[in-house]
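J.: Here is my input, please return the structure:
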Amino acid sequence: MTTTKIPTEEEVMGWMTSLSNWGRWGPDDELGTLNLITPQKIAQAGSLVREGISVTCSRLIVPEGAPDVTSIPPLHYMVRTGESAPSNGGGGASDFFGFSFHGLTITHLDALCHQFWNGKMYNGKDAALVTADQKATAGHIDRAQNGVITRGVMLDIAKLKGKDWLEAGEPVFTEDLEAAEAAQGVRVEEGDALMLRLGWYKRRLEVGPPESGRPGLHAETIPWLHERGVSILGGDASQDMDPAGYPTLGLPVHRVGIVAMGLWLIDAANCEELAAVCNRLNRWEFMFVAAPLRFYNATGSPINPLAVF
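T.: Residues are numbered from 1 along each chain as shown. Now for the predicted structure:
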């Protein structure tokens, strides 16, 4: 049983101001916590590549309808196939893809225009700058066009708790994050990418798509994320535990993290292969690399994050 003090919704809403990074990197900033990734941080990440091992942190995109597919299922059509290829001479195949990636099944990076609070997005920009006609004219995904290269750290919360996976609605508190650091002999530092393994993707693969709910960070962890200077946060659920217990805020890690702090989030990641390599090498830090597709004025992008050892 946790002894953590649970903040009230009023206290969490107050963090929209007290934990705000608005103006920290200038009035026109649209990079948010990616500003914490300095050239020195990138060089540090490069020094962690020793074994020559690269590991995906992405789920496989599967065209399927399932209980946890919260919007339009991924679409995959063949434009050309090999079924009518000539027996001599040239040929080829091509595809069409379509997806509504914000949700619980496609590994994706949220841009800083993805969430609003009181009609504003990160750094005080008006939510109305995202329009049906022009799309996201501020805080869009192409602000991260040069990708993310930094030191990555994975905290295996499922392993810490001796479970294959956390259950729906099960919270992760600051005490859990720090206990995982101690158990793994690693510490999250400013500019790091933090990956959280809750075993949620493993559960989906072995049990099937969940009907509702998910484990995740409790709102209580948000000041810790700010204090440690996490630049990008990824997890194999979607950051916020559900139900989160804050009906007005809805998703406090998304709202306070993205809108107030400018924190970049990777939802619906996959930490299973990463956990296997971390355990085999007994090493929980690595070079982290992620690059969004350069969609025009988009609110996010599917990505394939990589951990390189």
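
J.: who does the strand or helix carrying residue 149 pair up with?
T.: Residue 149 belongs to strand 148-156 when elements are defined using DSSP states H and E. If you go by DSSP bridges, strand 148-156 pairs up with strand 193-197 (parallel), strand 285-290 (antiparallel).

J.: Residue 90 is nearest to which of the ones you listed?
T.: strand 285-290 (35.3 Å; C-beta to C-beta). (Each C-beta comes from the backbone N, C-alpha and C, glycine too.)

J.: so where's this protein shaky on pLDDT?
T.: Residues of the chain meeting the criterion pLDDT under 70: 1.

J.: just the helices in it please.
T.: Taking DSSP state H as the test, the helices found in the chain are 9-18, 39-46, 157-160, 174-184, 200-207, 222-228, 252-254, 272-281.

J.: So for the strand holding residue 149, could I get the coordinates as CSV, restricted to C-alpha?
T.: Provided in CSV are the C-alpha atoms of strand 148-156 (Å, rounded to 0.1, in the frame of the first residue of the first chain):
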residue,chain,number,x,y,z
VAL,A,148,15.4,13.1,-31.1
ILE,A,149,18.8,11.7,-30.2
THR,A,150,19.5,11.6,-26.5
ARG,A,151,20.3,9.3,-23.6
GLY,A,152,17.5,6.9,-23.0
VAL,A,153,16.6,5.2,-19.7
MET,A,154,14.1,2.4,-19.3
LEU,A,155,12.5,1.8,-15.9
ASP,A,156,10.8,-1.6,-15.8
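
J.: who touches it?
T.: Strand 148-156 is contacted from outside by 34, 37, 41-42, 44-46, 48, 177, 180-181, 184, 186-189, 191-197, 231-232, 264, 271, 274-275, 278, 284-291, 307, using C-beta atoms under 8 Å, 6 or more residues apart in numbering.

J.: Please, a ChimeraX command that selects the buried ones among the residues you listed?
T.: Of those, the buried ones go into a single ChimeraX selection, burial set by 16 or more other C-beta atoms under 10 Å:
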select :34,37,41,44,45,48,177,180,181,184,186,188,189,191,192,193,194,195,196,197,231,232,264,271,274,275,278,284,285,286,287,288,289,290,291,307
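
J.: All good on my end, thank you.
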